[in-house]
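**Student:** need the 3D shape of this:
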Amino acid sequence: MRTPTPRRAVLGALAAATLALAAGPALAQSKTLKILVGFPAGGGTDAIARVLAEKLKDELSVTVIVENKPGAGGQLAAQALKAAPADGSTLFITHDHTVSVLPLVSKTPGFDPAKDFTPVAGFASFVNGFAVSPGTPAKSLAEYVAWVKANGQGKGVVGVPAPASTPEFMVKLLGGQYQLDLVPAPYRGSAPMMADMLGNQIAAGIGSVPDFIENHKAGRIRLLAVGGTTRQAVLPDVPTLAELGMGGFEALPYYGFFAPAGTPKAVVDAFGAALAKVLQQAEVRTRLTALGLSVEFMDAGALAARERAYTKSWAEIIRKTGFQPL
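**Tutor:** Below you'll find the model as predicted:
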């Protein structure tokens, strides 16, 4: 006579099977996970996505494809996520700009993060930095200010990776702080901005440290100041804007994964668990840290709370600049 299987064991096996199936109904058919990136190949977000994709494919036992959909500060990729099936086969890796700032500065972003997206998991925070091109002689922010006043009669152009982005507002606030007429020059991502900086087509730029870090380390550009409350471990000689008397940039931007609204909780939890394991790998942490990130896992609830808090903080900053949504 067959020995009955204990009820607890049966339930445990069923739960495990259910979670495995729920981790991606589409994956069971295509064995493919697509990660959308809203910025061009070669930029900081693209590099980060590829580091994680390389390890997630092993953890999830699926093919992971990084698909770049650059344009409008991640807006096109966000709209693509909204239209994607809510089955775990498509995720969006992004930082604060697309989900927190774009809805504040655009009348018609084409998506509403609160209604159209499901936070999945966060994995890092970072800071924005102010950098100068190789042909700009300034070695400090004070020297840059003096240089602009002496050579441009107080007028200067500063590159930013997207229009109406936090770097653009930082340009305006820095100009006000130092009595300079600084004009932001928006690009379609950090990669083309960096190309112009390296070619001395533009004297300075503001963007995320991950976008600048490699060229700074190589001596091709110089980071003069960063946001946040403390100096970055990978940039111990670069002061914070707060140190230089420029407050308001203490809220740290974040990176996270988002899914289409309606994605099952089991799918979200399964991906979050896989990402948490990947982030425990020393190699991954080393590579992400080298890109200027502070690695910190956030589950879906923590990422949602971080997004709300950051949005609230920048809504107040944007209001103070007098900016009107376009």
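**Student:** any idea where the helices of the protein begin and end?
**Tutor:** With helices called from DSSP state H, the chain shows them at 7-22, 25-30, 44-60, 75-83, 96, 102-105, 113-116, 141-151, 166-177, 190-198, 209-217, 265-279, 282-290, 300-321.
**Student:** what comes up buried for the third one?
**Tutor:** By neighbour count on 16 or more other C-beta atoms under 10 Å, the buried set for helix 44-60 is 44-49, 51-53, 55-56, 59-60. From N, CA and C alone the C-beta is placed, and that goes for glycine too.
**Student:** returning to what we had before: out of the helices of the chain, nearest to Leu36?
**Tutor:** Set against Leu36 and scored by C-beta to C-beta, the helices of the chain come closest in helix 75-83, at 4.4 Å.
**Student:** and the helices of the chain, which is most packed in?
**Tutor:** helix 96 (a mean of 26; mean count of other C-beta atoms under 10 Å).
**Student:** what is that helix packed up against?
**Tutor:** helix 300-321 (3 or more C-beta pairs under 8 Å, 6 or more residues apart in numbering; DSSP states H and E).
**Student:** show me what the helix it packs on is in contact with.
**Tutor:** Under the criterion C-beta atoms under 8 Å, 6 or more residues apart in numbering, residues 96, 99-101, 103-105, 113, 118-122, 166, 169, 172-173, 248, 251, 253-254, 256, 268-269, 272, 298 lie in contact with helix 300-321.
**Student:** pull the CA atoms of it into PDB?
**Tutor:** Taking Å, rounded to 0.1, in the frame of the first residue of the first chain, the C-alpha atoms of helix 300-321 are listed here in PDB:
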ATOM      1  CA  ALA A 300       8.900  46.000  -4.400                       C
ATOM      2  CA  GLY A 301       7.500  47.900  -1.400                       C
ATOM      3  CA  ALA A 302      10.700  49.600  -0.600                       C
ATOM      4  CA  LEU A 303      11.200  50.700  -4.200                       C
ATOM      5  CA  ALA A 304       7.600  52.100  -4.300                       C
ATOM      6  CA  ALA A 305       8.200  54.100  -1.100                       C
ATOM      7  CA  ARG A 306      11.600  55.400  -2.500                       C
ATOM      8  CA  GLU A 307       9.900  56.500  -5.700                       C
ATOM      9  CA  ARG A 308       7.200  58.400  -3.900                       C
ATOM     10  CA  ALA A 309       9.600  60.200  -1.500                       C
ATOM     11  CA  TYR A 310      11.900  61.200  -4.400                       C
ATOM     12  CA  THR A 311       9.100  62.400  -6.500                       C
ATOM     13  CA  LYS A 312       7.800  64.600  -3.600                       C
ATOM     14  CA  SER A 313      11.300  66.000  -3.000                       C
ATOM     15  CA  TRP A 314      11.800  67.000  -6.600                       C
ATOM     16  CA  ALA A 315       8.300  68.300  -7.000                       C
ATOM     17  CA  GLU A 316       9.200  71.000  -4.500                       C
ATOM     18  CA  ILE A 317      12.500  71.800  -6.100                       C
ATOM     19  CA  ILE A 318      10.900  72.100  -9.600                       C
ATOM     20  CA  ARG A 319       8.200  74.300  -8.200                       C
ATOM     21  CA  LYS A 320      10.800  76.700  -6.800                       C
ATOM     22  CA  THR A 321      12.400  77.100 -10.200                       C
END
